[in-house]
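Chemist: The following comprises the amino acid sequence and a computationally predicted model.
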2 protein chains.
Amino acid sequence: MEGFELLAPAESRQAQVDAVLDRFFSLSRKRAAPLGPEYAGLWDALEANTSGGKRMRPRMVFAAYQSLGGTDLQAAAYVGAAFELLHTALIVHDDVIDRDFSRRGVPNIAGLYRQRATASGSDAVAAEHRGISAAVIAGDLALFNSCRLVDRSGVSGEVRTRLLEVMDEALFASAAGELIDVDFSFGADMPRVDDILTMERLKTAVYSFECPLQAGAILAGASEETVATLADFGREIGIAYQIVDDVLGVFGREQETGKSTVGDLREGKRTVMIAYATTTPDWARIEPLLGRPDLTDEQAAEVRGLLISTGARSFAEGLARYYANRALARLAEAHIPHALRTELHPLADTVLRRVK
Amino acid sequence: MEGFELLAPAESRQAQVDAVLDRFFSLSRKRAAPLGPEYAGLWDALEANTSGGKRMRPRMVFAAYQSLGGTDLQAAAYVGAAFELLHTALIVHDDVIDRDFSRRGVPNIAGLYRQRATASGSDAVAAEHRGISAAVIAGDLALFNSCRLVDRSGVSGEVRTRLLEVMDEALFASAAGELIDVDFSFGADMPRVDDILTMERLKTAVYSFECPLQAGAILAGASEETVATLADFGREIGIAYQIVDDVLGVFGREQETGKSTVGDLREGKRTVMIAYATTTPDWARIEPLLGRPDLTDEQAAEVRGLLISTGARSFAEGLARYYANRALARLAEAHIPHALRTELHPLADTVLRRVK
């Protein structure tokens, strides 16, 4: 998620969210220490998994909150931290579902525990089991505490109730999207472009953009109209973001994105580009190269060339631009305060820039 | 969990908890229907997994609550339902960790989705993956909503804060116990009896007995002393219950318990009986028969005979009686109201009766 620079003082907002998470993990580790020799270590692993990200979701919370006049930065930090824990929980469990032991080239919780089990003499099957088990448990702890951190923000009454509903919606939608994504990978048929957009929206855009923005607005006491417009903006910029993410997953520069550019091809991941390509005459040349764990760099280059020549890449980029422009149009609506427009406009620009 | 008969009107309390859960699942399914063809079905599967149990944990909540003077049965029903969802989440994810596709001889969520995938043409590996994926997602939904249901009970302020802390403790301890249990199954050494008791307490007794009883007492506005004594009672009766459960897991009558009496032996499950047996001269005859998926009924009978002749069975039963009696002694303390004593005494008796 490179390039997301929102207006200053982003660092101090980041620092506040980090402080909330530091306190949370520190307290949890202390509680954990008497409950078995390994339990504090699990919390350490969970903390390590939660740190170091770009804190995009907390940024969404703060962006809406501050530009809508919110001043209780501590409460906003708790809500932002809650979304960060939800994000951690979802990616940890996503890796369990995919049986992935690393993420962005680095061992995740399952990978860490698999390594340790192997180092202490477990065979491969037992070591993987231990890794997956630790990841299931760790994800549960993060998930439950995303609900708890909203509560511990100190807000009360109607605002608290609505914030919890937003967090509920974030998980509810993400679970729906994850289930669709799981079914995509088992279906013989290629989903249509709009099915993929639906999945991307549910699985990622809702909890990453729509809900954090809504949460920040609700916390700031914004009007229903503003909250709803932010939800729409979040949905559209989130969809644009995911389309771009998938384009970069094939065409990006690994040093910049941190993502492999063969992983999605080897996995045969259902993306807008791929769905589009199925409708083109050259699909018969692309299809045999997808979903092959042994795809070579030369073959990957061939697929990339075909995704360009069939127009699949430019279609996806155009679709991303379309959604980003729709998102920008939301910001132009009369009831959107100038500060909010100023705060979020660069977000849309950033998404658009990544498809140049 | 046969035989748990608490004072009437248990049926009406049960009905109220069921009503809360019915409403919750009904609303969730309606929300789910537009979000993909399969999502409502996942909620149906989750509801099916949550229904039909003995609702032991909600009974604990009500037992404490009503006998300590509580009258807002609706609030108690929400808290009881919250514990029931937590229980569902933990067993669903426990089955994911153990890669179990059935529980008590019936397909669980993973098993159901594996069946469906197989029926629609998936190969064995893909079908298992689909099953496990659905179970991870379903468990997440149950877990998050255990936190939410406490909140939706309508209680506020200090009571709400404390109830959420109790729910937090329930998950926190269960995760610690699950991690210990995972490590038990990978360790070459046999744990000691007290390590097993610690694991059983953390993994099961805390969320099944200690926390529901504390929650009911807190909800009723009971004194700190009473809440603490109920926690102690819950810990001790919970440990007794788990020891008995493990004895029945080898020596029980399957028609009564619904549990296999070879499953634990085949799994080589670390129990008090087994830990005790390691210290006896006949361990060399028992050890080769444990942890064998192909254990025959004759071999199982041989192990049972040895667990009796070595004194392992009677040791475990004696230990269960010890903890049950300690629990009863808690009830005899002066500050425990008569109604609470009357309510909970049969619980201890039931545990003791199962070891006769």
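Modeler: Perfect, I can see it now.

Chemist: residue contacts, A:Tyr78?
Modeler: Residues counted as contacts of A:Tyr78 (Cβ atoms under 8 Å, 6 or more residues apart in numbering or on different chains) are A:Val20, A:Leu149, A:Val150, A:Arg152, A:Ser153, A:Gly154. (Glycine included, C-beta is placed from N, CA and C.)

Chemist: how does it look with 6 Å?
Modeler: By Cβ atoms under 6 Å, 6 or more residues apart in numbering or on different chains, the contact set of A:Tyr78 is A:Val20, A:Leu149, A:Ser153.

Chemist: what sits up against the helix or strand containing the first one?
Modeler: Read that as A:Val20. Assigned by DSSP states H and E, A:Val20 belongs to helix A:10-32. Helix A:10-32 is contacted from outside by A:Tyr39, A:Ala40, A:Trp43, A:Glu47, A:Arg55, A:Pro58, A:Phe62, A:Leu73, A:Ala77, A:Tyr78, A:Gly80, A:Ala81, using Cβ under 6 Å, 6+ apart.

Chemist: So which bits of that helix are buried?
Modeler: Residues A:13-14, A:16-18, A:20-21, A:24-25, A:28-29, A:31-32 are the ones in helix A:10-32 that count as buried (16 or more other Cβ atoms under 10 Å in any protein chain shown).

Chemist: which parts of chain A sit against chain B?
Modeler: A:35-36, A:38-39, A:93, A:96-97, A:122, A:126, A:130, A:133, A:136-137, A:140-141, A:143-144, A:147, A:171, A:175-176, A:178-180, A:182, A:186 (Cβ under 6 Å from any Cβ of the partner chain).

Chemist: Which of the residues you listed are buried? Put it as a PyMOL command.
Modeler: In PyMOL, a selection of the buried entries from the residues of chain A next to chain B looks like this (16+ other Cβ under 10 Å):
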select buried, chain A and resi 35+36+38+39+93+96+97+122+130+133+136+137+140+141+143+144+147+171+175+176+178+179+180+182+186
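
Chemist: out of the residues of chain A next to chain B, which are inside helices?
Modeler: Members of these lying in helices (criterion: DSSP state H): A:39, A:93, A:96-97, A:126, A:130, A:133, A:136-137, A:140-141, A:143-144, A:147, A:171, A:175-176, A:178-180, A:182, A:186.

Chemist: ok, the nearest residue to A:Ala188 once chain neighbours are set aside to A:Phe186 distance?
Modeler: In this structure, A:Ala188 finds its nearest non-sequential neighbour in B:Gly121, 8.0 Å apart by Cβ to Cβ, 6 or more residues apart in numbering or on different chains. Per Cβ to Cβ, to the nearest Å, B:Gly121 is found 9 Å from A:Phe186.

Chemist: cool, A:Ala339 as well?
Modeler: In this view, A:Ala339 and A:Phe186 are 46 Å apart by Cβ to Cβ.

Chemist: what's the pLDDT at the closest residue to chain B within the stretch 151-300 of chain A?
Modeler: Nearest residue of the stretch 151-300 of chain A to chain B: A:Ala176, at 3.8 Å (Cβ to the nearest Cβ). Note on A:Ala176: pLDDT of 98.

Chemist: before we move on, what about the one 3 residues further on?
Modeler: Looking at A:Leu179, its pLDDT reads 96.

Chemist: what does A:Val106 give?
Modeler: Note on A:Val106: pLDDT of 89.

Chemist: for the stretch 251-356 of chain A, what spans make up the helices?
Modeler: A:254-257, A:263-267, A:272-277, A:283-286, A:297-309, A:312-331, A:338-353 (DSSP state H, counting those that start in this stretch).

Chemist: list the buried ones in the last one?
Modeler: Pointing back at helix A:338-353 there. Those would be A:Leu340, A:Glu343, A:Leu344, A:Pro346, A:Leu347, A:Ala348, A:Thr350, A:Val351, A:Leu352, for helix A:338-353 by 16+ other Cβ under 10 Å.

Chemist: Return the member of those residues nearest to B:Val262.
Modeler: Using Cβ to Cβ, A:Val351 comes nearest to B:Val262 of these, at 58.1 Å.

Chemist: Double-check that closest one against A:Tyr241; I have them as touching.
Modeler: Yes - between A:Val351 and A:Tyr241 there is a contact under Cβ atoms under 6 Å: 5.3 Å.

Chemist: follow-up on the earlier one: will you turn the buried residues of helix A:10-32 into JSON lines that also has pLDDT?
Modeler: Converted to JSON lines, those look like this (pLDDT from 0 to 100):
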{"residue": "A:Arg13", "pLDDT": "84"}
{"residue": "A:Gln14", "pLDDT": "85"}
{"residue": "A:Gln16", "pLDDT": "93"}
{"residue": "A:Val17", "pLDDT": "94"}
{"residue": "A:Asp18", "pLDDT": "94"}
{"residue": "A:Val20", "pLDDT": "96"}
{"residue": "A:Leu21", "pLDDT": "97"}
{"residue": "A:Phe24", "pLDDT": "97"}
{"residue": "A:Phe25", "pLDDT": "97"}
{"residue": "A:Ser28", "pLDDT": "98"}
{"residue": "A:Arg29", "pLDDT": "97"}
{"residue": "A:Arg31", "pLDDT": "97"}
{"residue": "A:Ala32", "pLDDT": "98"}
